[in-house]
Each structure stands twice: as C-alpha cells, then as structure tokens.
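Q: Dropping the sequence and predicted coords here.
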Amino acid sequence: MMNLLKVMFEGGAEDPALQKQALLDYSGPAGKALTDAGAKLEDMGAPSADAQALHDELVKFFTDSGAALNDVSSQLATLDPADPEFATKLEQLGGDQADPSKLQEQIKKLQDDPVLGEAFKKAPQCVAMSEKLKSLGGSLGG
C-alpha cells in the first residue's frame, strides 16, 4: 500500500504504466492476504457461540474481498496503459469489495465485539497489523 501511495504522489497518477504496475503490486498480495486471513479465521472457528455470527461475517468478508482483489488483479493485468480509455476501464474494476473503507468497517466491528475484540487485541498478528496501520496513519489501530 505504501508503494502504491508513493508512486501516486510521485507522478504515477499521470503515468498509466506506473499506475498499473503499482496497482498490480498492491492488488495481488492484498488479495492473497485477505484470502489467507479468511481461511485462517475459518480454521480457527469462533471463540464462542455468541461470536459466531460476527465470525461468519468476517470470514465471508475476508474471503470475498480476497477473491475480488484477485479478480481485479487479473483484469488489471489485461489492461493496456497506452489505451486512451485506460483510466475509464480502471475505474470500473473492483466494486465494493475492493473499497478499503469496507475493510475498516469490518475491523471496527471486530474491535467493538466484547469477545472477538479482546482476541484481536492479544493475537500477535492483529497487534502487528494494528501497529502497521497506526504507522500509516490509519484509524484501525484500536
């Protein structure tokens, strides 16, 4: 994500080839990370029956978002940066599942849940993610 922002702020927004590469560098790994997170959550199961509904929602969100980003990455790879319609075609990729604010909403639900929120604060991977988000200026750091 940092590389994507760096490229965009350093003129990549005006260079379709740089923009495409930065987006590919982000969407591929991000799609895999979200898909992997969904699979890990599924394998772990909900910590309690009370948390089952939110757990299922999070598993679905991460799995669906990962698949959507993987699809975006595949579609993006086919776009030609020299095409005069590149920007228009780029805007049509992704939809809601590729919207980063949707991830923020899900993380907020997780943090606010009495059972899952405690687990989120203690799990090493979640702590590391929170610290990374804080360093990026994100509001998900809890």
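A: Structure's in. What do you need?
Q: Look up phi and psi at the residue located most distally from the centre of the chain.
A: Centroid-distance maximum for the chain: Pro84 at 28.4 Å, with C-alpha atoms, centre = their mean. In terms of degrees, to the nearest 10, the main-chain angles of Pro84 are phi -60, psi -20.
Q: pLDDT score for it?
A: pLDDT for Pro84: 93.
Q: Contact partners for it?
A: If you count contacts by C-beta atoms under 8 Å, 6 or more residues apart in numbering, Pro84 has none. All C-beta atoms are positioned from the backbone trio N, CA, C, and that covers glycine.
Q: Figure out how far the host helix or strand of Lys102 is from the centre of its chain.
A: Assessed by DSSP states H and E, Lys102 sits inside helix 100-112. A distance of 11 Å separates the centroid of the chain from that of helix 100-112, by C-alpha atoms, centre = their mean, to the nearest Å.
Q: Check which residues of the longest helix seen in the chain are buried.
A: Determined from DSSP state H, the single longest helix within the chain is helix 16-44. Using 16 or more other C-beta atoms under 10 Å as the test for burial, helix 16-44 gives 16, 18-24, 26-28, 30-31, 34-35, 37-38, 41.
Q: that older thread, what about dumping the CA coordinates of the very next helix or strand once past the helix holding Lys102 to PDB?
A: With elements assigned by DSSP H and E, the helix or strand that comes after helix 100-112 is helix 114-122. In PDB, the C-alpha atoms belonging to helix 114-122 read as follows (Å, rounded to 0.1, in the frame of the first residue of the first chain):
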ATOM      1  CA  PRO A 114     -16.600  -7.900  23.500                       C
ATOM      2  CA  VAL A 115     -15.200 -11.400  22.800                       C
ATOM      3  CA  LEU A 116     -13.500 -11.000  19.400                       C
ATOM      4  CA  GLY A 117     -12.200  -7.500  20.300                       C
ATOM      5  CA  GLU A 118     -10.200  -9.000  23.200                       C
ATOM      6  CA  ALA A 119      -8.800 -11.700  21.000                       C
ATOM      7  CA  PHE A 120      -8.000  -9.000  18.400                       C
ATOM      8  CA  LYS A 121      -6.000  -7.000  21.000                       C
ATOM      9  CA  LYS A 122      -4.000 -10.100  22.000                       C
END
